[in-house]
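Visitor: coords please:
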Amino acid sequence: MIKVYMDESGYTGYDLLNKEQPFQATSALQLSEDTAQKLINNYFPCKNVVELKHKKLSKYKSNWKNLIQLQKEILRNHKGFSFVCDKKYLLILRFLDNCVEPFYYDNGVDFFENGQNYALASLLYYTGSTLWGENDFYNLLYFYQRASKTKLDLNIEVLLDHAKSLFRRGELPEVLGPIANRHRKCIDELKTDEHGTDITNVLVFGLVSHLEKYIQYPYKVIHDTSKALTNYNRFFEQLIEIKEEITFKKTQITSIIFPLKIKSVSQIDSKSSFGVQLADILVGGIVEHANTLKYPEKKNEYNQEIITLYGDNGLIHMLPNIDFDEQNEFRKENKSAEFIEFLSRNICEPVSKPDLK
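Guide: The predicted structure is shown next:
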């Protein structure tokens with residue numbers, strides 16, 4: 001069976017406002033352990049270490065050339081993929097999912113039609129601080145994140161009161177109105193969404209959709225034993241268990257077909273797997289590049305070259321985009337609402353709104 005190795009970077013649990021790690025990503029590649037070992041020996045033959053780690057290697061300029069060449073070979077010859085998400089953008093999407101969408105659903109409006117939720121999240125990402133003030137917009141997201149995590153009535157009340165104070169200013173009432181006016185279904189959604197603001201499932205869905213598109217035969221996923229990847233493992237297992245035969249169109253270029261071709265998932269200590277170590281190199285590189293989008297002072301010739309290695313098929317992302325016509329066309333006639341309902345029927349835990357490209 002085909003082996004796919006994966007790793008993640010940037011996981012901070014429910015905290016999507018973490019300033020030190022503003023992006024979360026996963027990477028995967030298809031190859032054998034023997035091939036992975038040969039690649040490592042070829043590019044880093046003198047490294048007398050237990051395992052290769054991107055974070056350690058990229059600190060030294062003397063390693064940059066080989067790191068670039070290694071990632072280039074992975075991406076071009078071994079079906080290397082990366083999926084990177086802006087956490088603040090995902091937090092805004094989650095806020096809309098919990099605190100806005102239930103109101104429109106109750107009133108017969110498909111909030112997800114043609115990806116309008118993504119367009120609205122992008123608008124808020126870039127204008128929220130201008131509309132309500134930087135501190136007040138940050139607090140809206142922080143209070144939502146805390147309430148979503150704890151489910152405590154006190155924290156939910158703080159969120160409701162803050163939303164109401166912003167609502168009174170009259171800016172974007174269609175966004176703040178449902179939660180400011182205490183729409184019952186919005187509060188219920190906030191209290192019952194077990195995923196909260198942990199976006200692990202979004203990364204899993206996005207990565208799997210890409211693997212399913214480009215890997216033609218049954219495969220298994222192998223990843224590290226870290227705590228973060230334990231959460232990934234659970235979502236992989238739940239997707240594997242879905243046996244219903246059905247196809248969903250997600251965007252203009254992607255559909256996902258169930259049952260999936262992924263047949264198993266397992267964890268292994270990265271020290272014992274050259275494949276997992278290469279996945280670490282790949283995901284570490286894309287996150288280092290992504291972080292320079294928020295912190296330009298961190299740019300260097302190495303992390304700026306990384307993005308040039310990715311072709312049209314190698315990189316998936318969830319980043320804010322205010323080209324609304326492009327977003328509308330890209331997600332035109334998608335079946336997001338039906339897909340969410342399908343997952344809710346087939347996965348034992350509640351499922352938040354994923355994005356598959």
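
Visitor: where do the helices of the stretch 251-357 of the chain begin and end?
Guide: For the stretch 251-357 of the chain, helices defined by DSSP state H, counting those that start in this stretch occupy the ranges 274-294, 301-306, 324-330, 336-346.

Visitor: ok, now the stretch 51-200 of the chain?
Guide: Assigned by DSSP H, counting those that start in this stretch, the helices in the stretch 51-200 of the chain fall at 54-57, 64-77, 87-99, 101-106, 116-132, 134-150, 153-167, 173-180, 184-192, 200-214.

Visitor: most tightly packed of those?
Guide: helix 87-99 (a mean of 24; mean count of other Cβ atoms under 10 Å). Using the backbone N, CA and C atoms, a C-beta is placed for each residue, glycine as well.

Visitor: which strands or helices does that helix pack on?
Guide: Using 3 or more Cβ pairs under 8 Å, 6 or more residues apart in numbering; DSSP states H and E, the elements in contact with helix 87-99 are strand 23-30, helix 116-132, helix 134-150, helix 173-180, helix 184-192.

Visitor: how does it look with 10 Å?
Guide: Other elements packing on helix 87-99 under the criterion 3 or more Cβ pairs under 10 Å, 6 or more residues apart in numbering; DSSP states H and E are strand 23-30, helix 116-132, helix 134-150, helix 153-167, helix 173-180, helix 184-192, helix 200-214, strand 315-318.

Visitor: can you give me the end-to-end distance of stretch 186-204?
Guide: Stretch 186-204 stretches 26 Å from its first residue to its last (Cα to Cα, to the nearest Å).

Visitor: circling back to that earlier point, can you redo the helices of the stretch 51-200 of the chain as CSV with distance to L17?
Guide: Below are the helices of the stretch 51-200 of the chain laid out as CSV (distance: least, Cβ to Cβ, whole Å):
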stretch, distance to L17
helix 54-57, 22
helix 64-77, 29
helix 87-99, 7
helix 101-106, 21
helix 116-132, 13
helix 134-150, 6
helix 153-167, 14
helix 173-180, 18
helix 184-192, 17
helix 200-214, 16
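
Visitor: out of those, which comes closest to P45?
Guide: helix 64-77 (9.7 Å; Cβ to Cβ).

Visitor: pLDDT of the closest one, averaged?
Guide: Across helix 64-77, the average pLDDT comes to 97.

Visitor: tell me how far that helix lies from the chain's centre.
Guide: The chain centre lies 23 Å from the centre of helix 64-77; the measure is Cα atoms, centre = their mean, to the nearest Å.

Visitor: between that helix and helix 274-294, how many degrees?
Guide: Helix 64-77 runs at 110 degrees relative to helix 274-294, counting by axes from the mean of the first three to the mean of the last three Cα atoms, to 10 degrees.

Visitor: please save the CA atoms from helix 64-77 in CSV.
Guide: Taking C-alpha atoms only, helix 64-77 is exported to CSV below (Å, rounded to 0.1, in the frame of the first residue of the first chain):
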residue,chain,number,x,y,z
TRP,A,64,20.0,26.9,3.4
LYS,A,65,21.1,25.7,0.0
ASN,A,66,20.6,22.0,0.8
LEU,A,67,17.3,22.7,2.6
ILE,A,68,16.0,24.4,-0.6
GLN,A,69,17.2,21.6,-2.8
LEU,A,70,15.7,19.0,-0.6
GLN,A,71,12.3,20.7,-0.4
LYS,A,72,12.4,21.2,-4.2
GLU,A,73,13.0,17.5,-4.8
ILE,A,74,10.2,16.5,-2.3
LEU,A,75,7.7,18.8,-4.0
ARG,A,76,8.5,17.8,-7.6
ASN,A,77,9.2,14.1,-7.3
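
Visitor: by contact count, what packs against it?
Guide: Contact partners of helix 64-77 among helices and strands, from 3+ Cβ pairs under 10 Å, 6+ apart: strand 23-30, helix 33-43, helix 54-57, strand 81-86, helix 274-294, helix 301-306.

Visitor: Throw those into CSV and include mean pLDDT, thanks.
Guide: CSV is the format used below for the helices and strands packed on helix 64-77 (pLDDT from 0 to 100):
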stretch, mean pLDDT
strand 23-30, 97
helix 33-43, 96
helix 54-57, 96
strand 81-86, 97
helix 274-294, 97
helix 301-306, 98
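
Visitor: in JSON lines: those, plus distance to I242.
Guide: Shown next, in JSON lines, are those (distance: least, Cβ to Cβ, whole Å):
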{"stretch": "strand 23-30", "distance to I242": "20"}
{"stretch": "helix 33-43", "distance to I242": "29"}
{"stretch": "helix 54-57", "distance to I242": "33"}
{"stretch": "strand 81-86", "distance to I242": "20"}
{"stretch": "helix 274-294", "distance to I242": "25"}
{"stretch": "helix 301-306", "distance to I242": "35"}
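
Visitor: ok, the residue lying farthest from the centre of the chain to K271 distance?
Guide: Going by Cα atoms, centre = their mean, the residue of the chain most distant from its centre is C46, 35.0 Å out. According to Cβ to Cβ, to the nearest Å, C46 stands 19 Å off from K271.

Visitor: domain boundaries for the protein, per the record?
Guide: 2-87+217-241+263-320, 88-192 (automatic domain parsing).

Visitor: could you give the mean pLDDT of the last one?
Guide: Summarised as a single mean, pLDDT over domain 88-192 is 95.
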